[in-house]
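K.L.:
sequence and predicted structure, then a few things I'm wondering about:
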Amino acid sequence: MNIAHERVAELCAQLKLTTVADVLPHLAQKAITDDISLTEFLESVLKAEQTARLSRQRTTLTRLASFPAEVAP
């Protein structure tokens with residue numbers, strides 16, 4: 001990891017963008033391969049963060065709902 005990646009990872013940690021830090025290298029490589037614009041690249045990074053947050057939110061809300069355990073027949 002180079003110094004720029006380290007700075008980005010630190011900023012992501014400070015901003016609590018955990019998914020961005022994880023998916024950034026993969027999405028950056030994909031952007032280079034697919035020759036997409038910076039705006040499209042940024043959109044894909046932000047969508048990944050949004051998707052992960054929604055998933056974590058659903059998991060948390062389901063856990064907090066205290067649904068009864070499903071018993072196998």
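P.N.:
Okay, I see it. Treat the numbers as computed from the prediction; the structure is a model and nothing was measured.
K.L.:
could you use CA atoms for every contact and neighbour count after this?
P.N.:
OK.
K.L.:
gap between the residue nearest to residue 12 when sequence neighbours are not counted and residue 14?
P.N.:
Of all residues not flanking residue 12 in the chain, residue 21 sits nearest, at 5.9 Å (Cα to Cα, 6 or more residues apart in numbering). Distance, residue 21 to residue 14, by Cα to Cα, to the nearest Å: 11 Å.
K.L.:
the more surrounded of the two?
P.N.:
Comparing residue 21 with residue 14 by other Cα atoms under 10 Å, the one with more neighbours is residue 21, at 19 against 10.
K.L.:
give me the helices and strands touching the top helix by length along the chain, please.
P.N.:
In the chain, with assignment by DSSP state H, the single longest helix is helix 38-65. Here helix 38-65 touches helix 18-34, going by 3 or more Cα pairs under 8 Å, 6 or more residues apart in numbering; DSSP states H and E.
K.L.:
contacts made by the helix it packs on with the rest, please.
P.N.:
By Cα atoms under 8 Å, 6 or more residues apart in numbering, the list of residues contacting helix 18-34 from outside reads 8-9, 12-13, 37, 41, 44-46, 48-49, 52.
K.L.:
gap between the one helix or strand residue 7 maps to and the chain center?
P.N.:
According to DSSP states H and E, residue 7 maps onto helix 3-15. Centre-to-centre, helix 3-15 and its host chain are 14 Å apart (Cα atoms, centre = their mean, to the nearest Å).
K.L.:
export that helix as PDB, just CAs?
P.N.:
Extracted C-alpha coordinates of helix 3-15, given in PDB (Å, rounded to 0.1, in the frame of the first residue of the first chain):
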ATOM      1  CA  ILE A   3       1.300   6.600   1.100                       C
ATOM      2  CA  ALA A   4      -1.800   7.900  -0.800                       C
ATOM      3  CA  HIS A   5      -3.700   4.700   0.000                       C
ATOM      4  CA  GLU A   6      -2.700   5.000   3.600                       C
ATOM      5  CA  ARG A   7      -4.000   8.600   3.700                       C
ATOM      6  CA  VAL A   8      -7.300   7.600   2.100                       C
ATOM      7  CA  ALA A   9      -7.700   4.700   4.500                       C
ATOM      8  CA  GLU A  10      -7.100   7.100   7.500                       C
ATOM      9  CA  LEU A  11      -9.600   9.600   6.200                       C
ATOM     10  CA  CYS A  12     -12.200   6.800   5.600                       C
ATOM     11  CA  ALA A  13     -11.600   5.700   9.200                       C
ATOM     12  CA  GLN A  14     -12.100   9.200  10.500                       C
ATOM     13  CA  LEU A  15     -15.300   9.700   8.400                       C
END
